[in-house]
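Q: Sequence and predicted structure below; questions after.
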Amino acid sequence: MEYYRRKVSRWERHMKLYSEAAAVSNITVTEHKVTFDPDASWLKFHLGISRYALYSRDDLAVPQLLKEMQSMTVIGADYTQDEKALKGACDCTQVVKPSGHHLKLALKMQNFAKAMFKPMRQQRDEETPEDFFYFVDFQRHNAEIAAFHLDRILDFRRVPPVAGRLVNVTGEILQVTHNEDLRAVFFTSPANNTCFFAKCLYVCKTEYAVCGNPNLLEGSLSAYLPGLSIAPRISIPNPWIRSYTFTGREEWEVNPFFCDTIKQLYPYNSGNRLLNIIDMSIFDFLIGNMDRHHYEIFTKFGDEGFLLHLDNARGFGKHSQDEMSILAPLSQCCMIKRSTLLRLQLLTRPEYRLSDVMKESLEGDPLQPILTEPHLLALDRRLQKVLRVVQRCVRRLGEDEVITKDFIKSTVKPQTATDMGKVR
Ligand SMILES: Nc1ncnc2c1ncn2[C@@H]1O[C@H](COP(=O)(O)OP(=O)(O)OP(=O)(O)O)[C@@H](O)[C@H]1O
Ligand SMILES: [Mn+2]
């Protein structure tokens, strides 16, 4: 709370200096009043993170946070920390993984909520072309939104809340940013639309830009997690990582006994971790995401903490194809948490059919329809395929071997991610 209060006053001081400087150099900046709100939903979201999940099932802060991200006044826009790291503009020890040049920005709301904005790059009904490698595929804002809803429906709660929003790129980015580099990548297109680039490392190519119409642009807003100084996280390579070259093969692709090796290795040799990886592979299979190269965990929760499912923008690229290799952790290890299996089975019942539940959930988003019908139906089809893999394992090894009870032991007082004093 103190941290938040300090941030607000720092912002107010900064704003004052900045407006004076801007006036001298003739730059228009819109000044918005900031509010210090101890009941802010983003703050509640941060305080509610536990070792089991990002939020609890009945957390009222989450719907509130979604609503605020959809409509609250944007008071600031900037590149994200990882993009800044590319230019050495921030402390790189604070960056989990310096990342690529996708178009994404950090937006700051009036109550100091922060969200990661990913703009629309692809129409809903466009499928990823057959000859595209997964690692050059577009990022899809609607995939980020849909993945949050699916994760919540699966009862994982490992994706930070994501809402869709029509962002005014002029009023809500250009005119509120204090970053000269960001201001410099804005231009007006021949069709008179306002456009901007990703951070241009070498040459800016207008075909990589995104444009408003003339100012409004669809995008996803993902609620920021607590900062790394408050709730440190680490990024860990996925054991079932794919080769990021045209021809390479990873060991899991050629060795059917790969899981036996992984099972011997720390941290997969005890506790929850391998089961969590298997949950993640089921999630990725359902959304069709082949790009899960790393996962993140909060260091405070130790090895038993949940895995964060960040960056789902490469999901929902092809509805007509089910990429079975994404399920390799499940099919090779033949293990699944009982709670996950029960949830999946529930979602095949006619009254809780996954596509129906998803559709209903997604209708709450302002950018609806988020998924086209074929993508929704693909979810039901893929869910059946997951269950068939589990059945095959059970036939081969027996229920006791395959359906594992969750290792999670309840503790008297669960620690929270933002609990400063009690680092493990
Ligand atoms: N909601 C969030 N809150 C805080 N940090 C986040 C959030 N989402 C993502 N990040 C951080 O930003 C990094 C980049 O995000 P993301 O992977 O979604 O974007 P990307 O453009 O696909 O980047 P990359 O090329 O690294 O995959 C993530 O690795 C993560 O550490
Ligand atoms: Mn990514």
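A: Perfect, thanks for sending it. Residues are numbered from 1 along each chain as shown. Ligands and ions are numbered 1, 2, ... in the order given.
Q: right, and the secondary structure at the nearest residue to residue 377 once chain neighbours are set aside would be what?
A: Distances taken as CB to CB, 6 or more residues apart in numbering place residue 355 nearest to residue 377, at 5.8 Å, with adjacent residues excluded. C-beta coordinates here come from the backbone N, C-alpha and C atoms, glycine included. Following DSSP: H, G, I helix; E, B strand; the rest coil, residue 355 is assigned to helix.
Q: now the one 10 residues further on
A: Per three-state DSSP, the secondary structure class of residue 365 is coil.
Q: Find the nearest non-adjacent residue to it, please.
A: Among residues not flanking residue 365 along the chain, residue 164 sits closest, at 4.7 Å (CB to CB, 6+ apart).
Q: Quick check: beta-bridge partners of the one you found?
A: For residue 164, the beta-bridge assignment (DSSP bridges) gives partners residue 220.
Q: so the residue nearest to residue 377 sits right up against residue 372, yeah?
A: No - if you go by CB atoms under 8 Å, residue 355 and residue 372 don't touch, sitting 11.5 Å apart.
Q: Span of stretch 265-280 from start to end?
A: Terminal residues of stretch 265-280 are spaced 19 Å apart (CA to CA, to the nearest Å).
Q: Stretch 229-240 now?
A: End-to-end span of stretch 229-240 (CA to CA): 29 Å.
Q: So which bits of that stretch are buried?
A: Going by neighbour count (16 or more other CB atoms under 10 Å), the buried part of stretch 229-240 is 231-233, 238-240.
Q: how about the helices of the stretch 301-424 of the chain, start to end?
A: 328-333, 338-346, 354-362, 373-397, 399-402 (DSSP state H, counting those that start in this stretch).
Q: Quick one: residues contacting the one residue in the stretch 251-400 of the chain that gets nearest to ligand 1.
A: Proximity of the stretch 251-400 of the chain to ligand 1 (CB to the nearest ligand atom) peaks at residue 311, 3.2 Å away. Residues in contact with residue 311 (CB atoms under 8 Å, 6 or more residues apart in numbering) are residue 291.
Q: ok, it to residue 163 distance?
A: Taking CB to CB, to the nearest Å as the measure, residue 311 falls 16 Å from residue 163.
Q: sorry, back to before: could you export the buried residues of stretch 229-240 as a markdown table, including secondary structure?
A: Formatted as a markdown table, those follow (three-state DSSP):
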| residue | secondary structure |
| --- | --- |
| 231 | coil |
| 232 | coil |
| 233 | strand |
| 238 | coil |
| 239 | coil |
| 240 | coil |
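Q: Pull the contacting residues for the residue nearest to residue 365.
A: Residues in contact with residue 164 (CB under 8 Å, 6+ apart) are 70, 141-142, 145, 218-221, 365-368, 370.
Q: Give the helix, strand or coil label for residue 252.
A: What three-state DSSP gives for residue 252 is helix.
Q: Nearest residue to it in space, please, no chain neighbours.
A: The shortest distance from residue 252 to any non-neighbouring residue, by CB to CB, 6+ apart, is to residue 258 (4.3 Å).
Q: Ok, residue 182 next?
A: Closest to residue 182 by CB to CB, 6+ apart is residue 79, at 6.1 Å.
Q: Break the protein into its domains for me.
A: 2-223, 233-404 (automatic domain parsing).
Q: tell me how far the ends of the longest one are from each other?
A: Put plainly, it is domain 2-223. Its start and end residues considered, domain 2-223 measures 20 Å (CA to CA).
Q: pretty sure residue 181 is in a helix, no?
A: Yes - counting by three-state DSSP, residue 181 is part of a helix.
Q: in terms of contact, does residue 1 touch residue 40 like I think?
A: No - the pair residue 1 / residue 40 is not scored as a contact, 10.3 Å apart, by CB under 8 Å.
Q: who's more crowded, these two?
A: Taking neighbours as other CB atoms under 10 Å, residue 1 and residue 40 compare with residue 40 leading, 22 against 9.
Q: how near is residue 21 to ligand 1?
A: 29 Å (CB to the nearest ligand atom, to the nearest Å).
Q: ok now the helix or strand harbouring that residue, how far from the chain's centre?
A: Using DSSP states H and E, residue 21 sits within helix 2-24. Here the centre of helix 2-24 is set off from its chain's centre by 29 Å, with CA atoms, centre = their mean, to the nearest Å.
Q: Equivalent analysis for stretch 296-305, please.
A: Its chain's C-alpha centre and that of stretch 296-305 lie 17 Å apart, by CA atoms, centre = their mean.
Q: and if you look at stretch 69-77?
A: A distance of 19 Å separates the centroid of the chain from that of stretch 69-77, by CA atoms, centre = their mean.
Q: Ends of it, what's the gap?
A: Stretch 69-77 has an end-to-end distance of 14 Å (CA to CA).
Q: Same question for stretch 64-81.
A: The first residue of stretch 64-81 is 26 Å away from its last residue (CA to CA).
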